[in-house]
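In: Sequence plus the predicted model coming up.
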Amino acid sequence: MSERRIILTLGLIGGTGPEGKGLAYRWARAGYNVVIGSRSMDKAEEAARDLNDRLGGEAIVGRLNPVAAAACDIAVLTVPYKAHEATLESVRNGLTGKILVDVTVPILPPKVSVVHVPPHGSAAQEAQALLGDQVRVVSAFQNVSHGHLAEDHPIPCDVLVSGDDSDAKEQVLRLVEAAGMVGWDAGPLQNAIVAEGLTSVLLGINRRYKMKGAGIRITGVEL
């Protein structure tokens with residue numbers, strides 16, 4: 001008898017923006033159950049409805065952020081940095097014992113192309129400090145343009161995955177693959193500062209060279 005596949009539920013906390021919706025689309029297409037969370041039930045349901053129409057199914061549901069956090073197996077935080085702390089506070093009870101993938105970049109508009117280093121070193125480290133040891137925080141997906149995520153083509157960008165728990169990182173690396181990208185174990189959570197800072201560098205490159213969706217690639221290995 002073949003082993004039955006366990007279908008995970010992914011919760012996109014603050015997932016109604018372009019980054020969250022792009023990841024939700026790709027993971028639902030790969031066979032995951034997806035819950036899109038928002039502070040607004042109307043926005044959450046609208047985002048889920050739009051994506052389900054595109055997918056031709058009902059793999060995605062919209063819920064308030066705390067409900068999405070409680071309902072998922074793995075949570076993915078996709079909010080602007082200004083909403084980072086408040087959103088984590090609102091969902092922390094639902095994240096106990098789970099993995100949180102933090103996609104947040106500590107950008108301070110209007111200087112989006114200037115690297116900002118928060119007091120803890122990175123947004124991911126701030127999340128870990130706020131949530132405590134009962135949540136395994138992993139940093140990933142900061143350098144991927146939402147414009148690529150929304151399309152059906154392969155994404156020409158690798159993903160740096162950092163965290164202090166090896167099993168949690170391995171699970172997130174599988175999510176990277178399911179979303180159609182190549183992921184790399186980038187070491188401990190402290191290294192998240194590099195991936196987060198790279199986003200500002202890439203935004204500056206986009207502006208200076210009139211590009212869209214600049215990303216990174218790890219060279220030296222044939223894949």
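Out: Everything's here; your move.

In: use CA for all of it now, contacts and neighbours both
Out: OK.

In: Go through the lowest-mean-pLDDT helix or strand in the chain and flag the buried ones.
Out: The least trusted helix or strand in the chain, going by mean pLDDT, DSSP states H and E, turns out to be helix 146-149, with a mean of 92. Neighbour counts over helix 146-149 (16 or more other C-alpha atoms under 10 Å) mark 146, 148-149 as buried.

In: helices or strands up against it?
Out: Helix 146-149 sits against helix 18-29, with contacts defined as 3 or more C-alpha pairs under 8 Å, 6 or more residues apart in numbering; DSSP states H and E.

In: Show me what the helix or strand just after the helix it packs on is packed against.
Out: Downstream of helix 18-29, the first helix or strand assigned by DSSP states H and E is strand 33-38. Contacts defined by 3+ C-alpha pairs under 8 Å, 6+ apart place strand 33-38 against strand 9-13, helix 18-29, helix 41-55, strand 60-64, helix 65-71.

In: So which of those has the densest surroundings on average?
Out: The highest mean neighbour count among those, using mean count of other C-alpha atoms under 10 Å, belongs to strand 9-13: a mean of 28.

In: Starting from that strand, tell me which strands it pairs with and how they run.
Out: With DSSP bridges as the test, strand 9-13 is paired with strand 33-38 (parallel), strand 74-77 (parallel).

In: what's that strand in contact with?
Out: 20, 24, 32-38, 65, 68-69, 71-79 (C-alpha atoms under 8 Å, 6 or more residues apart in numbering).

In: Under the pLDDT cut-off, which ranges of the protein? List them.
Out: For the chain, applying pLDDT under 70 flags the ranges 1-5, 223.

In: so what does the helix ranked longest in the chain touch, helix or strand wise?
Out: Counting residues, the longest helix in the chain under DSSP state H turns out to be helix 192-208. Applying 3+ C-alpha pairs under 8 Å, 6+ apart, one finds that helix 192-208 makes contact with helix 123-131, strand 158-163.

In: what about the next helix or strand after the last one, distance to the chain center?
Out: Toward the C-terminus, strand 158-163 is succeeded by helix 166-178 as the next helix or strand (DSSP H and E). Its chain's C-alpha centre lies 12 Å from the corresponding centre of helix 166-178 when counted by C-alpha atoms, centre = their mean, to the nearest Å.
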